[in-house]
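Asks: generate coordinates for the sequence data below:
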Amino acid sequence: MAAAAAARVRDADGYRPPSVTGLADLLDRQVRERPYARALIVTGDRVHLSYRALGALADDLAARLCATGLRRGDPIGLIGANTAEFVVALLGAARAGLVVAPLDPALPEPELSARLDALGAPAVLVGPAPADAPRVAPSRVPTWPLRVDASRAGTAAVVLDTGASVRQVRGVAGELASSDALVLHTAGTSARARMVPLTHANVAASVRAICTTYALGPGDATVAVMPFFHGHGLFAALLASLAGGGCVLLPARGRFSARTFWDDLRAADATWFTAVPTVHEILLDRAEFEHPGPRVPPLRFVRSCSAPLNPATQRALERTFGAPLLSAYGMTESTHQATSEPLPQYGVLRQGSVGRPTGVEVRVVDRNGRPCPHGVQGEVWVRGPTVARGYLGEPARTARRFTAGWLRTGDLGFLDIDGCLSLTGRIDNIIDRGGEKISPEHVEDVLAGCPGVAEAAVFAVPDPVYGQRVGAAVAIREGETVGPDEILRYCRDRLAAFEVPERLELVAALPHTAKGGLDRLAVEARYVR
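Replies: Next comes the predicted model:
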């Protein structure tokens with residue numbers, strides 16, 4: 001059963017999605033029509049950068065990059081936090097015709113070098129490090145430090161040190177096409193990270209769908225909570241906002257801070273923000289003591305993506321922010337968003353659902369690739385203009401995951417009669433207990449609903465009799481005293497007997513990826529024994 005794309009131009013209220021063709025012209029309409037409107041709020045001093053200023057910085061950097069010997073279509077690495085330097089580097093490199101590969105600045109140097117070597121990047125742009133972290137640069141790659149000097153008067157200049165010459169290195173760069181804009185690495189929560197090439201057309205389709213879903217326009221502003229080196233922060237918070245003519249506040253030193261979040265919302269006069277459930281949980285935990293009440297600007301909506309959101313958390317978030325909480329679903333290979341719940345005026349919100357397709361087609365199929373009836377679980381497949389062509393350097397895996405235009409996501413879920421998608425887990429994570437198939441995500445959702453539990457990670461424990469048993473690591477909220485017996489009683493009332501964890505550990509905290517999702521590789525290494 002397939003659900004057709006739901007994102008359309010909203011004629012009823014006159015909304016027009018942005019007309020862009022990719023990264024290179026993302027700012028053009030705003031620079032032309034609204035040059036002095038604020039595009040970014042940057043640094044701890046919260047300096048405003050206009051679209052005209054941002055466009056000029058990107059053009060200046062593009063000219064400098066073209067003078068280095070780099071050619072159109074060459075890949076270039078980008079390492080930095082959520083700062084003006086990252087945004088200028090991204091847009092400037094795109095205007096120079098380069099293919100940008102953002103990388104997590106928290107990765108150790110050997111991993112950074114390995115990823116850039118595998119890509120075949122001739123050089124890497126490096127901006128300021130995230131808060132409380134040293135600047136890390138790969139040792140084997142020419143590193144070009146980048147700085148943006150912005151004044152309170154709104155003037156800005158870009159400083160680029162290209163002292164190190166570009167290198168010639170083998171890699172998968174030969175697989176890149178002239179139409180490519182980005183190379184993003186998958187999150188690698190349950191497998192090693194892979195390189196995904198995204199074209200300018202992929203980027204444009206993603207941005208248009210996100211803007212249309214939430215009717216983003218010049219009156220909107222947000223705070224950059226999620227990192228820009230992954231799709232969630234990059235497409236939803238940054239690129240969709242700029243394409244729509246809105247404003248993005250970049251927190252001091254380029255990283256989300258729960259301590260300054262409420263002030264950041266006020267400083268931006270924010271109308272929305274997007275984050276992963278772990279960040280939402282942090283904000284809820286601190287809201288009792290830090291929420292500034294009526295001084296917070298009224299939000300149109302709050303968005304959650306990149307991991308399952310517990311229904312109890314959703315209800316609490318809506319009470320705290322006084323705005324609808326919209327769940328979305330996407331992945332790197334689909335250029336971030338594939339489905340989302342709609343704004344309340346455009347449709348009914350379904351608790352536990354991640355909404356309807358946004359600019360793509362979604363199908364749920366059985367193990368033979370046949371569409372499943374409504375309400376029947378199967379693998380989620382996605383097809384449309386945002387879907388990547390495959391993985392760089394991995395033809396066999398590309399052939400397995402990309403079939404006749406369809407992306408086989410590896411996620412399990414079902415579609416209801418109205419085309420709303422509900423996710424139930426991942427195929428790779430399924431626990432097989434003596435033939436009983438158990439979704440860790442389902443058990444985690446139940447555990448997270450137990451009073452006093454902050455978060456849970458469920459994993460397979462090897463067993464000589466059943467093959468696998470269910471294990472769980474549970475993080476308890478600060479100040480709570482709930483114990484294993486209470487948690488297991490709660491589970492027995494809500495789970496089948498074979499789903500109840502047979503090994504339960506109480507832990508101070510669980511490991512997460514930089515994107516904010518549960519790091520299952522780290523969970524397995526730490527707790528499976």
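Asks: now residue 68: which helix or strand?
Replies: Here residue 68 is covered by no helix or strand, with elements defined by DSSP states H and E.
Asks: let me know the secondary structure of the nearest residue to it once chain neighbours are set aside.
Replies: Sequence neighbours aside, residue 162 is the residue nearest to residue 68 in space, at 5.2 Å (criterion: CB to CB, 6 or more residues apart in numbering). For the C-beta atoms, the positions are set from N, CA and C on the backbone; glycine is no exception. Look at residue 162: counting by DSSP: H, G, I helix; E, B strand; the rest coil, its state is coil.
Asks: just residue 115 next, same as before
Replies: Residue 115 ends up helix, using three-state DSSP.
Asks: how about it, what does it touch?
Replies: 77, 101, 103, 107, 185, 193, 195 (CB atoms under 8 Å, 6 or more residues apart in numbering).
Asks: my guess is the third one contacts residue 77. True?
Replies: Yes. Between residue 103 and residue 77 a contact is recorded at 5.9 Å, counting by CB atoms under 8 Å.
Asks: residue nearest the middle of the chain, spatially speaking?
Replies: Per CA atoms, centre = their mean, the C-alpha nearest to the average position across the chain is that of residue 232, at 2.0 Å.
Asks: part of a helix, is that residue?
Replies: Yes. When three-state DSSP is applied, residue 232 is found to be in a helix.
Asks: so how far is residue 333 from it?
Replies: 14 Å (CB to CB, to the nearest Å).
Asks: where does pLDDT dip in this structure?
Replies: For the chain, applying pLDDT under 70 flags the ranges 1, 4-13, 130-136, 188-191.
Asks: now do the helices in it.
Replies: Using DSSP state H, the helices found in the chain span residues 28-33, 51-66, 84-95, 109-119, 200-214, 231, 240-244, 261-268, 277-290, 311-321, 395-401, 440-448, 484-492, 520-527.
Asks: most tightly surrounded among the ones you listed?
Replies: Of these, the one with the most neighbours on average (mean count of other CB atoms under 10 Å) is helix 231, at a mean of 29.
Asks: okay, domains of this protein per the record?
Replies: Per automatic domain parsing, the domain ranges recorded for the chain read 2-415, 430-527.
Asks: start and end of the last one, how far apart?
Replies: Taking CA to CA, to the nearest Å as the measure, domain 430-527 stretches 17 Å from start to finish.
Asks: next: stretch 355-364.
Replies: The stretch stretch 355-364 measures 14 Å between its terminal residues, going by CA to CA.
Asks: check the offset of that stretch from the chain's centre.
Replies: A distance of 18 Å separates the centroid of the chain from that of stretch 355-364, by CA atoms, centre = their mean, to the nearest Å.
Asks: repeat for stretch 174-189
Replies: With CA atoms, centre = their mean as the basis, stretch 174-189 stands 15 Å off its chain's centre.
Asks: isn't residue 226 right up against residue 237?
Replies: Yes. In this structure residue 226 lies within contact range of residue 237 using CB under 8 Å: 6.0 Å.
Asks: can you list residues touching both of these two?
Replies: Shared contacts of residue 226 and residue 237 (CB under 8 Å, 6+ apart): residue 274.
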